[in-house]
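> The sequence isn't on hand, but the structure is:
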């Protein structure tokens, strides 16, 4: 077991994202992750250095440190803890200064600030849009949607809409295909005039059965026959109407959302 | 104007997060951002290299490239485009191999895979929990909540709950403080037995007025008097009942969520 510290003077989200993505390259090794955000004082930096020292002693090998520490002073304290540091800030900042022929501000906490207030509002607006237009609610707002996701129940529509809103500021609505929609391969009438905004989500029937079964096991809704029938009919509908669609079975919410963004050539608002 | 490319063989979310965080250190320079995700074939890599070459010619200075390209072959094509590359993968991977005394798998697309299926389900469950327990709905589920956010209307409760769910798998409910709750500094009766799960959101009254005014300008709801009164009373309630609270006025959703996670010592589930 090898201890890994994710350390940041702010939220730590970036240090974790990149650090975890590097760790996935070593699937054979088991890591113990410690996330320490908002390390923005001398005292906190020293406390963290002690934790790193202790973990390295317990593991009998130096801990890994993934850090986005802007302060040179605090970073030095981490470096002297006996752990092995991978600093995502310091590694690049001097090359950037040289490339841009400019000094970096070296100011903490810039990266997750609220930024432009209009940007903030538009992001909140897109989240509210997703919430108000979830699951076939308020189909009258489809005029203002950037995209309308559609698919059978539990194919991943809601989390994908929310992620599109949070990450990219996209106005995403979603419409569930229910039994009566699936009696023909024609698009449900409400969707016809928005054909160009539609994007389908499909899913492996066995995976769908698992997901549905967690909630309502032994129900007709979660039976493999029902799942197979719904998925096949939904895909027939997408193909018949030339609606692009994506299989959500084996990819994360992030990846579903970013693939849709790319393939539909949507402009991000955030 | 300087063109910056964010290039990834997968979603590009990590390359963008770290790249943007580095760019905020140069607030005086104006950047044109180009996001190119899923660059996972020779043909795509070559097309991108051409785009970089063109942008560098137009800008009359080399474009910046932030990349998390796992393939050595595709990365070399990017490196030879004339842009200046900051590679978040290659820069660290050999030091990691040395530290861990192991070879990296150099396999693309590991970082945003679906991971463990239980993890995926628990993340979806937490999103559903946030949706089903938003805005004072279903207060009977508070027993299963990890945390209950409370505050006046438009103080940021819903997006914070959703982000806590998406990023950390936390079960977050929220309860809006309405006029009648604010007539006293006592906790609303429904919240009393969950006192230890409560976290307050506060906001600068002028900022609140702006946010409310965007939707309903000139309404009593958005008047500065009303905003001042509600915020003051909500804060009095938090203080009186020793409910921790955070001012959401100047920080992003990410930062509100991660500060709450840290201060409340909640265990992330994801």
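Yep, it's here. All values derive from a computational prediction rather than experimental measurement. Residues are numbered from 1 along each chain as shown, chains lettered A, B, ... in the order given.

> shouldn't residue A:235 be in contact with residue A:247?
No. With contacts counted by C-beta atoms under 8 Å, residue A:235 stays clear of residue A:247, the gap being 9.3 Å. Where C-beta positions appear, they are placed from N, C-alpha and C, glycine not excepted.

> Overlap of the contact sets of those two?
Taking C-beta atoms under 8 Å, 6 or more residues apart in numbering or on different chains as the contact definition, residue A:235 and residue A:247 share the neighbouring residues residue A:202.

> Neighbour count: those two, which is higher?
Neighbours of residue A:235 and residue A:247, each counted by other C-beta atoms under 10 Å in any protein chain shown, are more numerous for residue A:235; the result is 19 against 16.

> got the contact list for the more buried one?
A:200, A:202, A:245.

> run the last query once more with 10 Å
The neighbours of residue A:235, taking C-beta atoms under 10 Å, 6 or more residues apart in numbering or on different chains as the test, are A:151-152, A:185, A:200, A:202-203, A:243, A:245, A:247.

> Which of those residues sits closest to residue B:140?
Comparing the contacts of residue A:235 against residue B:140 with C-beta to C-beta picks out residue A:152 as the nearest, at 29.1 Å.

> Number of residues surrounding that closest one?
There are 27 residues near residue A:152, going by other C-beta under 10 Å.

> how about it, phi and psi?
phi -70, psi 170 (degrees, to the nearest 10).

> Next one: it relative to chain B, how far apart?
Distance from residue A:152 to chain B, counting by C-beta to the nearest C-beta, to the nearest Å: 15 Å.

> same deal with residue A:40?
With distances taken as C-beta to the nearest C-beta, residue A:40 is found 11 Å from chain B.

> pretty sure that residue contacts residue A:70?
Yes. Applying C-beta atoms under 10 Å, one finds residue A:40 in contact with residue A:70, separated by 9.1 Å.

> Between those two, which has more neighbouring residues?
residue A:70 (25 against 16).

> tell me the secondary structure for the residue nearest to that one when sequence neighbours are not counted?
Ranked by C-beta to C-beta, 6 or more residues apart in numbering or on different chains and with sequence neighbours excluded, the top spatial neighbour of residue A:70 is residue A:108, at 4.7 Å. Classification of residue A:108 into helix, strand or coil gives coil, according to DSSP: H, G, I helix; E, B strand; the rest coil.

> How many neighbouring residues does residue A:108 have?
Applying other C-beta under 10 Å, we find 15 other residues in the vicinity of residue A:108.

> again, but for residue A:95
Here the number of neighbours of residue A:95 (other C-beta under 10 Å) works out to 15.

> element containing it?
For residue A:95, the host element (DSSP states H and E) is helix A:90-100.

> which other helices and strands contact that helix?
strand A:64-68, helix A:72-79, helix B:13-23, strand B:64-68, strand B:84-87, helix B:90-100 (3 or more C-beta pairs under 10 Å, 6 or more residues apart in numbering or on different chains; DSSP states H and E).

> could you dump these to a markdown table with distance to residue A:171 and mean pLDDT?
Putting these into a markdown table (distance: least, C-beta to C-beta, whole Å; pLDDT from 0 to 100) gives the following:
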| stretch | distance to residue A:171 | mean pLDDT |
| --- | --- | --- |
| strand A:64-68 | 31 | 96 |
| helix A:72-79 | 41 | 95 |
| helix B:13-23 | 20 | 93 |
| strand B:64-68 | 27 | 96 |
| strand B:84-87 | 32 | 96 |
| helix B:90-100 | 37 | 94 |
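
> I'd like to know which of the ones you listed lies nearest to residue B:208.
Among the helices and strands packed on helix A:90-100, helix B:13-23 comes nearest to residue B:208, with 27.8 Å by C-beta to C-beta.

> helix or strand right after the closest one?
As assigned by DSSP H and E, the chain's next helix or strand after helix B:13-23 is strand B:31-36.

> now the strands for the stretch 51-200 of chain A?
A:64-68, A:84-87, A:147-152, A:172-177, A:198-202 (DSSP state E, counting those that start in this stretch).

> Disregarding flanking residues, what is the spatial nearest neighbour of the residue of the stretch 151-270 of chain A found nearest chain B?
Closest residue of the stretch 151-270 of chain A to chain B, C-beta to the nearest C-beta: residue A:258 (4.0 Å). The shortest distance from residue A:258 to any residue other than its chain neighbours is 4.0 Å, reached at residue B:11 (C-beta to C-beta, 6+ apart).

> So what angle separates the directions of the lowest-mean-pLDDT helix or strand in chain A and strand A:172-177?
Ranked by mean pLDDT, DSSP states H and E, the weakest helix or strand in chain A is helix A:117-132, scoring a mean of 85. With axes from the mean of the first three to the mean of the last three C-alpha atoms, to 10 degrees as the criterion, the two stretches helix A:117-132 and strand A:172-177 enclose an angle of 10 degrees.

> List the buried residues for helix A:117-132?
In terms of neighbour count (16 or more other C-beta atoms under 10 Å in any protein chain shown), helix A:117-132 has its buried residues at A:120, A:123-127, A:129-131.

> can you tell me the distance between the two ends of stretch A:160-176?
The straight-line separation of the ends of stretch A:160-176 (C-alpha to C-alpha, to the nearest Å) is 13 Å.

> Pull out the buried positions in that stretch.
In stretch A:160-176, residues buried by neighbour count (16+ other C-beta under 10 Å) are A:160-176.

> Also stretch A:28-37?
Buried residues in stretch A:28-37, counted by 16+ other C-beta under 10 Å: A:31, A:34-37.

> What of stretch A:185-200?
Judged by neighbour count using 16+ other C-beta under 10 Å, the buried positions of stretch A:185-200 are A:187-188, A:191, A:194, A:197-200.

> anything in it near chain B?
No. For stretch A:185-200 and chain B, the contact criterion (C-beta under 10 Å from any C-beta of the partner chain) is not met; the two come no nearer than 15.9 Å.

> For that stretch, what is the distance to the chain centroid?
Taking C-alpha atoms, centre = their mean, to the nearest Å, one finds stretch A:185-200 lying 26 Å from the centre of the chain it belongs to.

> Rounded mean pLDDT for that stretch, please.
Mean per-residue pLDDT for stretch A:185-200: 96.

> From one end of it to the other, what's the distance?
The first and final residues of stretch A:185-200 sit 13 Å from each other (C-alpha to C-alpha).

> Quick one: the helices in the stretch 151-270 of chain A, in order.
A:157-168, A:189-192, A:205-215, A:224-240, A:253-263 (DSSP state H, counting those that start in this stretch).

> Same list (the helices and strands packed on helix A:90-100) but as TSV, adding distance to residue A:90.
Shown next, in TSV, are those (distance: least, C-beta to C-beta, whole Å):
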stretch	distance to residue A:90
strand A:64-68	8
helix A:72-79	6
helix B:13-23	11
strand B:64-68	16
strand B:84-87	13
helix B:90-100	12
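
> Could you pull up the residues touching residue A:49?
Applying C-beta under 10 Å, 6+ apart, we find residue A:49 in contact with A:7, A:39, A:65, A:74, A:76-83.

> I'd say the residue of the stretch 151-270 of chain A closest to chain B and residue B:9 touch.
No. Shown here, residue A:258 and residue B:9 do not form a contact pair, counting by C-beta under 10 Å, at 11.9 Å.

> list residues touching both of the two?
Listed as contacting both residue A:258 and residue B:9 by C-beta under 10 Å, 6+ apart are B:37-38.

> so how many other residues sit close to residue A:97?
Taking other C-beta under 10 Å as the criterion, the count of residues near residue A:97 is 14.

> Enumerate every residue touching it.
Applying C-beta under 10 Å, 6+ apart to residue A:97 gives the contacts A:103-104, B:25-26.

> Thanks a lot, catch you later.
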